[in-house]
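Chemist: fold the following.
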Amino acid sequence: MKDSDELFTIEIHFETNKKPKEENKEQIKFNSDKPEPKKIEVYGPQQIIDERLKALKEKAEKWREAKNRAFLDLRDAIFDQNRGAVKTTRDTFLKQAEKYKNETSEPVSFVPFTCYWPTYDVMSDSQRKWYFFWRDRARHGEYLQTALSYIFLYVYELLGEIGVEDECDGFIKLCNIWGEFRTYFPTIDKYIEQWTADYIAIHFKDGLPEFIFNSINYPETINHLPTNLIIDYIFRTGLLKLGDENAITYIGRFSNYKIEASKFYQKNDKAEINESITLVICHLNNYLKDKTDKGILQTYTPAYIKPQTRLPYQNAIYQGKVKSVEVDAFDYTKNKSLRDFFTAVIKQTENILRKMSNYKGKLTNELPKEYSDVIEKFLLDRRKRKIIEERSKIEMNVDKIRQLIHHSNEIRDKLLEGSEFSTDETMSEEIAAEQPAPPTAAKADSKYGNLSAYLTETQRLLLSFITERGGSILYNELSNSFNGVFVQMEIDNINEAAISCLGDILILSEGEELIIQEI
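Modeler: Next comes the predicted model:
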């Protein structure tokens, strides 16, 4: 087509109040003979009623399929009108796309273009030059501003796997072009959201590979992918953040309890709570799989979910080999059993976190004791691991190191001078002068009876010494009182024993002060 050529369109009017005229073989029309609803007389056994209902549903389904076929025939007719005298077959677009897939153009100015179903042969020469220039830049990640019809033509190519390395590359390109232009053209959401679902059903029946999520440059598009696919992906990978959303945002869609409104959530570390809930649910999913070979989604949803069969990429130009696609049309977020389970798990997780934080109040829920025990053990083990990891981080006390170096130098100098100096005697005198009378461990034994059995004599003396001073003491004071004892290591060992015995650490460190917490 040249720039001077005219573009013809046809207008279609539907008169629903008139009876259909006699069929004309040369005229394309919809099958508007919609079956009249029949009145069902309830009689006989239930089986007869069920069979009649089933027959009505099958008839309605056939009518919908016939309507879709008529729609596609009408769409092809419109294409033929726009092509003028050129008569083509149904695979013309695919052949042309293959022909032009490597076509490029020198930089040219933008040329406006508007067409409901854009194709190559309805464009003028200048429009095609702009499109090939723009497409080349888009394939390299540079998205120049353009008209919506050019964008749809590029999307049609991606759906037909034109100009892509493989299905993964095609899906990433599809999500990226969607993410770039959805803010400028919000209407594309309703189309591409369905097309991506069809693309996944055709090419990724077992779920999207992990690297695809990381390759999408516009994380907000991930929010529009099928929810059950995202949840399953979170379960498989244990990701705490997906795209620009926390994993808890997706999980929250399945719950009747909105934890964001909880006072405990608002007053405590939100990130830690979100992380704990996400990891708990992933752990429960693995627990169920190990026990029953079924995860959460499979356990709390119907055993058989009838897939929805439909034409692939409806409202798009697609002439590929796939003639129908089966998609999971089940709305998992509205399933009562699944929502009840997620609600109970989130509440119970918060209850255990409250208990570990000495926060008053408890939420009511009906989670089985088996799952409650699994959650509690998981959270306690996780807390213990975090404490041990923090303990393993060695903090260098520069002042202490300098004192030791200075003391070492003094001893060396005296030895070199030949003075009568006995290191053992000096240290003994220092210990005798600074060491207070050995404290009794009676108070510690009485208050932490179970813990004492796990402690050495030195550790019991340390604990008793702090207890006698009101449960808090400066680190330097304790270190000076127990000269010759590696105080920090002994405190760490006390806390490790307390975790095993009492479920939490006993001695907290706040700056230079050591405090015994109430357990």
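Chemist: residues in contact with the nearest residue to residue 199 once chain neighbours are set aside?
Modeler: Computed as Cβ to Cβ, 6 or more residues apart in numbering, the closest residue to residue 199 that is not its neighbour in sequence is residue 171, at 5.9 Å. For every residue, glycine as well, the C-beta is placed using N, CA and C. By Cβ atoms under 8 Å, 6 or more residues apart in numbering, residue 171 lies in contact with 196, 199-200, 203-204, 208, 212.
Chemist: now residue 171: which helix or strand?
Modeler: Element membership for residue 171 (DSSP states H and E) is helix 167-181.
Chemist: can you give me the buried ones in that helix?
Modeler: Across helix 167-181, burial judged by 16 or more other Cβ atoms under 10 Å covers 168, 170-181.
Chemist: correct me, but residue 172 touches residue 215?
Modeler: Yes: judged on Cβ atoms under 8 Å, residue 172 makes contact with residue 215 at a distance of 4.9 Å.
Chemist: I'd guess residue 231 is in a helix, am I close?
Modeler: Yes: the assignment for residue 231 is a helix, going by DSSP: H, G, I helix; E, B strand; the rest coil.
Chemist: next, residue 94: secondary structure please.
Modeler: At residue 94 the chain is in helix, as set by three-state DSSP.
Chemist: and it, how far from residue 511?
Modeler: Separation of residue 94 from residue 511 (Cβ to Cβ, to the nearest Å): 71 Å.
Chemist: quick check: phi and psi on the closest residue to residue 96 other than its chain neighbours?
Modeler: Distances taken as Cβ to Cβ, 6+ apart place residue 120 nearest to residue 96, at 4.9 Å, with adjacent residues excluded. Residue 120 adopts backbone torsions of phi -70, psi -40, taken as degrees, to the nearest 10.
Chemist: would you agree residue 120 is in contact with residue 128?
Modeler: Yes: contact criterion Cβ under 8 Å: residue 120 and residue 128 qualify, at 6.6 Å.
Chemist: between those two, which contacts overlap?
Modeler: Taking Cβ under 8 Å, 6+ apart as the contact rule, residue 120 and residue 128 have no neighbour in common.
Chemist: any idea which of the buried residues of helix 167-181 is closest to residue 143?
Modeler: Residue 143 lies nearest to residue 180 out of the buried residues of helix 167-181, by Cβ to Cβ, at 4.4 Å.
Chemist: what backbone torsions are found at the residue lying closest to the closest one once chain neighbours are set aside?
Modeler: Nearest non-adjacent residue to residue 180, counting by Cβ to Cβ, 6+ apart: residue 143, 4.4 Å away. When read as degrees, to the nearest 10, the backbone of residue 143 gives phi -100, psi 100.
Chemist: and for residue 325?
Modeler: Here is the backbone geometry of residue 325 (degrees, to the nearest 10): phi -140, psi 140.
Chemist: the nearest residue to it once chain neighbours are set aside and residue 361, how far apart?
Modeler: Excluding the flanking residues, the one nearest residue 325 by Cβ to Cβ, 6+ apart is residue 312, at 4.4 Å. Distance from residue 312 to residue 361, counting by Cβ to Cβ: 52 Å.
Chemist: more neighbours, these two?
Modeler: Neighbours per residue, other Cβ atoms under 10 Å: of residue 312 and residue 361, the larger number sits with residue 312, 19 against 10.
Chemist: three-state assignment of the more buried one?
Modeler: coil.
Chemist: next up, the contacts around it.
Modeler: Listed by Cβ under 8 Å, 6+ apart, the contact partners of residue 312 are 198, 202, 318, 320, 322-325.
Chemist: right, I'll call it a day here.
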